[in-house]
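Trainee: What follows is a predicted structure for the sequence shown.
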Number of protein chains: 2
Amino acid sequence: MAINFKNFLLSQSKKSKIGDFQDLEHVDGVAISVLSANLYKDPRDDLVLFYFRDGANYASVYTQNKIISENLKWNLSLNTSTIKALLVNTKNANVFTGKLGYRGVVQIAEELSKGLTKKMVEDEETKNSVASKEVLFGSTGVIGEKFPTEKIKNSIPELIKKIKYTQNKYLWIKAALGIMTTDLVPKLAMEECKIGNSEVKIYGIAKGSGMIFPNMATTLGYIFTDANLTSGILKKLLKKNIETTFNAITCDGDTSTNDMVSFFATKKAKHPKIKGINDEKLHQFDKSLHSVLLNLAKRVAADGEGASKFVSVNVMNSKTFLEAKRIAFSIANSPLVKTALAGEDPNWGRVLMAIGKANVNLNLEKLSINFGNIKIIEKGQLYSNYQEIEVAEYMRGEKIDININLNIGNKNFTAYTMDFTKKYIEINADYRN
Amino acid sequence: MAINFKNFLLSQSKKSKIGDFQDLEHVDGVAISVLSANLYKDPRDDLVLFYFRDGANYASVYTQNKIISENLKWNLSLNTSTIKALLVNTKNANVFTGKLGYRGVVQIAEELSKGLTKKMVEDEETKNSVASKEVLFGSTGVIGEKFPTEKIKNSIPELIKKIKYTQNKYLWIKAALGIMTTDLVPKLAMEECKIGNSEVKIYGIAKGSGMIFPNMATTLGYIFTDANLTSGILKKLLKKNIETTFNAITCDGDTSTNDMVSFFATKKAKHPKIKGINDEKLHQFDKSLHSVLLNLAKRVAADGEGASKFVSVNVMNSKTFLEAKRIAFSIANSPLVKTALAGEDPNWGRVLMAIGKANVNLNLEKLSINFGNIKIIEKGQLYSNYQEIEVAEYMRGEKIDININLNIGNKNFTAYTMDFTKKYIEINADYRN
């Protein structure tokens, strides 16, 4: 049942070599350290530190859930546009842990501040230091369990000792593995592009929706570039591109308390100064960022729990962007549509139902539905040459495109999701039985 | 895995005898006929006629889906407050069947009009007739398949011949069976109450969410009373009571193209005239109608596909009714919560997540969560004596109450649903494999 991830990854990459991460190398200004703080019963890497010795401009977007982790509360309290470190732990989400959970974050930030400042002295960079308020946090895992402050705090000296100033593909993959919960594969993406005449890199890692009791799907995405961009520009670029990438995926319509995507710029690249996001020199960079985000987002959807198919729902020619989005998610979140996909049933009646329940005014006589290139409904009528057997054959593939053309405007939206299999129920219900 | 329906039905009834429908008898002014029009490959009853010889006042509520069946389009075109017949077919939803589908409904209405008027002549009720525009339709089944107009039309003479003017419990059950698709049990409910000094009856049947490719969950509910109430009053009573009954259930958050609940009053009971819904004499009737609707609605939720548990989500002391409803449905529709229920996992973290994602402003320090009577969160803190083993034991039951107290207002809403089992995926995905 499992998606052939190697093929999938290859298919997502323009350059075939990127598919298996062969090209991943160093991003100037980023240092990485990964270890096990023994947060899991069976030890595995569970603590990942990104260290920006010379600081990084940054921007973040967070979950819209009204209940959020203590780590995100800390992040939201920061009043800085430059960050020196990002620490991500798995196993414990640090949600509903009250004042004790928040105090844990404060203590760890202080420990990191002390340790990293000491390291700077040792490295003879005496001009510099790391303030606790320059540390950003990510977390994913169990809700409501006591946050393992001591275990994490006690691991900090070793974590700092292990800092590697130069990355290779193995270190990037180690970092991507270290933030996973029950994802089946690590998720990485990279693009290279030019600002002016200077080559810049955009690297990203993400984790998705593995959930095992009592975990919860948390999407974490971290994007790194050596470009020299202000936090204000990073923020605008991230907001602009997140809407059609990370905000376009759904596994089950649930929203975690810990979702977070951050974008860090180490300012190491030598390129002409960029004044705003409308600067023409940023055009290629903007596109490349979108590719990295979309690539990661698709990997998260494709690795949704129990997924056997990767599904794109393309809604075209809607009156408004919002209406296209509403219809796309109505289909992508419908358990009836998703179980039909798992069953490889060409059940377009359920797609029709999901279009109708999205509460968007339609002109049914203009509606067309294709599965892949196969016409099903054309101008509101069942296509005259419709052959169910042909669609049934198409449904056996691992990559399904549901194409809806409303023909009443010019706005489009694509949602990415996966099918809903028995494996999903197993992962989420039967874990302890 | 299946819910013990006998116990469930008994538990839903105040008078134990109603539990197994022993008390169902005749409602004056209602006639019933049920037969097989051979719409299914393996013949079963698939056509149910309710005939009101002397007319019935009526009110209906329909699906909010923008794509609706041709039958509902016909119903919405009627300009009458009195109805003479209701015809319900299963197997074919008559959705996306275009002009041909609509013409089918017109032809069947005309056939019924002719046949029933002829029967009136034979019954020597020459003063009376049935106009085609006095026929209401319900349907459920396949979307987009040619509507079997001929088969249904050709069955009408036999259907009329079989009309029974007096019902007993067997006939009511036969009618409830005749409108089922893949429901496991027929759904009936009854109440008796007084308007003034006159006894009146409120009987109801419903079908729920059995879905097998390429069917779709359709909720149909038909309520019959011998009370003498205007269509205007019926409409107000139905709208008032539907919100916390049929509109409070969810199986998977999907909305059918054919949903319909209708309320018929045969005007046979002799009671003082009722001028409006605020008439004090209507108080008992109003409560009894709510009981019948709630009883049927709960049966639909409990019989949701694959259900092994019946779940009530009670949200209390919200600022507004709408916010309470939003939180209740956010929990009741969450696949993560529903799979945890199937797995009998006391995974309150997922309930918390679903509360947070409902986009309602909360005061977390006032939030309390109980499963049944077991305290889990009190005033925003994990309950000091919380014992997971105790909750795990509770989760093994067939009836689960999730109680959320927001403590920030005085509005309440209860949503009813079932758990999300592997059986659900089987029913909806694997049917043809």
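Mentor: Sure, I can see it. Numbering: from 1, shown residues only, chains lettered A, B, ... in the order given.
Trainee: do you know how far the residue with the largest distance to the centre of chain A is from chain B?
Mentor: Residue farthest from the centre of chain A, counting by C-alpha atoms, centre = their mean, is residue A:384 at 41.4 Å. As for residue A:384, its distance to chain B is 13 Å (criterion: C-beta to the nearest C-beta, to the nearest Å). For glycine as for every other residue, the C-beta is placed from the backbone atoms N, C-alpha and C.
Trainee: ok, now residue A:53?
Mentor: Counting by C-beta to the nearest C-beta, the separation of residue A:53 from chain B is 37 Å.
Trainee: what are the phi and psi angles of the residue nearest to that residue when sequence neighbours are not counted?
Mentor: Among residues not flanking residue A:53 along the chain, residue A:31 sits closest, at 6.3 Å (C-beta to C-beta, 6 or more residues apart in numbering or on different chains). The phi/psi pair for residue A:31 (degrees, to the nearest 10) reads phi -120, psi 150.
Trainee: Residue A:42 - that's part of a helix, no?
Mentor: No. Counting by DSSP: H, G, I helix; E, B strand; the rest coil, residue A:42 is not found in a helix; it is coil.
Trainee: how close does it sit to chain B?
Mentor: 21 Å.
Trainee: What pLDDT does the model give that residue?
Mentor: At residue A:42, the pLDDT value in this model is 88.
Trainee: what does residue A:220 give?
Mentor: On pLDDT, residue A:220 comes in at 91.
Trainee: where's it relative to chain B, distance?
Mentor: Between residue A:220 and chain B the distance is 16 Å, computed by C-beta to the nearest C-beta.
Trainee: Could you do residue A:33 as well?
Mentor: Distance, residue A:33 to chain B, by C-beta to the nearest C-beta: 29 Å.
Trainee: what mean pLDDT would you report for the helix or strand where that residue lies?
Mentor: Element membership of residue A:33, judged by DSSP states H and E, is strand A:31-35. Mean pLDDT, strand A:31-35: 97.
Trainee: Report all helices and strands that it contacts.
Mentor: When contacts are defined as 3 or more C-beta pairs under 8 Å, 6 or more residues apart in numbering or on different chains; DSSP states H and E, strand A:31-35 packs onto strand A:47-62, helix A:149-161, helix A:169-178.
Trainee: next SSE after the longest one?
Mentor: I take that to be strand A:47-62. Counting by DSSP H and E, what follows strand A:47-62 is helix A:70-77.
Trainee: Check whether that following helix comes near chain B.
Mentor: No. Using C-beta under 8 Å from any C-beta of the partner chain, helix A:70-77 stays clear of chain B, coming no nearer than 11.4 Å.
Trainee: tally of neighbours for the nearest residue to residue A:230 once chain neighbours are set aside?
Mentor: Of all residues not flanking residue A:230 in the chain, residue A:57 sits nearest, at 5.8 Å (C-beta to C-beta, 6+ apart). When counting by other C-beta atoms under 10 Å in any protein chain shown, one arrives at 24 neighbours for residue A:57.
Trainee: There's contact between residue A:57 and residue A:264 in this structure, I believe.
Mentor: Yes. Here residue A:57 lies in contact with residue A:264, judged by C-beta atoms under 8 Å, at a distance of 7.3 Å.
Trainee: And the helix or strand harbouring residue A:295, what does it pack against?
Mentor: Element membership for residue A:295 (DSSP H and E) is helix A:283-302. Secondary-structure packing of helix A:283-302 (3+ C-beta pairs under 8 Å, 6+ apart): helix A:5-12, strand A:187-195, strand A:198-207, strand A:220-225, helix A:231-242, strand A:310-318, strand A:411-418.
Trainee: tell me the most buried of the ones you listed?
Mentor: Mean neighbours per residue, mean count of other C-beta atoms under 10 Å in any protein chain shown, is largest over the helices and strands packed on helix A:283-302 for strand A:220-225, with a mean of 28.
Trainee: Distance from that one to the middle of the chain?
Mentor: Chain-centre distance of strand A:220-225: 8 Å, with C-alpha atoms, centre = their mean, to the nearest Å.
Trainee: Touching that strand from outside, list them.
Mentor: A:27, A:30, A:50, A:56, A:86, A:88, A:138, A:140, A:179, A:200-207, A:238, A:246, A:258-266, A:269, A:285, A:289, A:292-293, A:296-297 (C-beta atoms under 8 Å, 6 or more residues apart in numbering or on different chains).
Trainee: any idea of the angle that strand forms with helix A:231-242?
Mentor: Using axes from the mean of the first three to the mean of the last three C-alpha atoms, to 10 degrees, one finds that strand A:220-225 and helix A:231-242 are set 130 degrees apart in direction.
Trainee: Flag every buried residue along stretch A:112-131.
Mentor: Across stretch A:112-131, burial judged by 16 or more other C-beta atoms under 10 Å in any protein chain shown covers A:112-117, A:119-120, A:130.
Trainee: Check what contacts that stretch and list those residues.
Mentor: A:49, A:51, A:53-54, A:84-85, A:87, A:132, A:134-135, A:156-157, A:160, A:163.
Trainee: can you check stretch A:355-362 too?
Mentor: With contacts defined as C-beta under 8 Å, 6+ apart, stretch A:355-362 is touched by A:318-319, A:323, A:326-327, A:329-331, A:367, A:404, A:406, A:408, B:64-68, B:254-255, B:257.
Trainee: circling back to that earlier point, so for the helix holding residue A:295, what's the average pLDDT?
Mentor: Helix A:283-302 comes out at a mean pLDDT of 92.
Trainee: can you give me the strands for the stretch 251-400 of chain A?
Mentor: Secondary structure of the stretch 251-400 of chain A (DSSP state E, counting those that start in this stretch): strands located at A:260-265, A:310-318, A:368-371, A:374-378, A:381-382, A:399-405.
Trainee: what's the longest helix in chain A?
Mentor: Using DSSP state H to define each element, chain A has its longest helix at helix A:98-122.
Trainee: Indicate each strand paired with the helix or strand following it and its parallel or antiparallel sense.
Mentor: Note on helix A:98-122: by DSSP H and E, the next helix or strand toward the C-terminus is strand A:135-139. Strand pairing for strand A:135-139, using DSSP bridges, gives strand A:82-89 (parallel).
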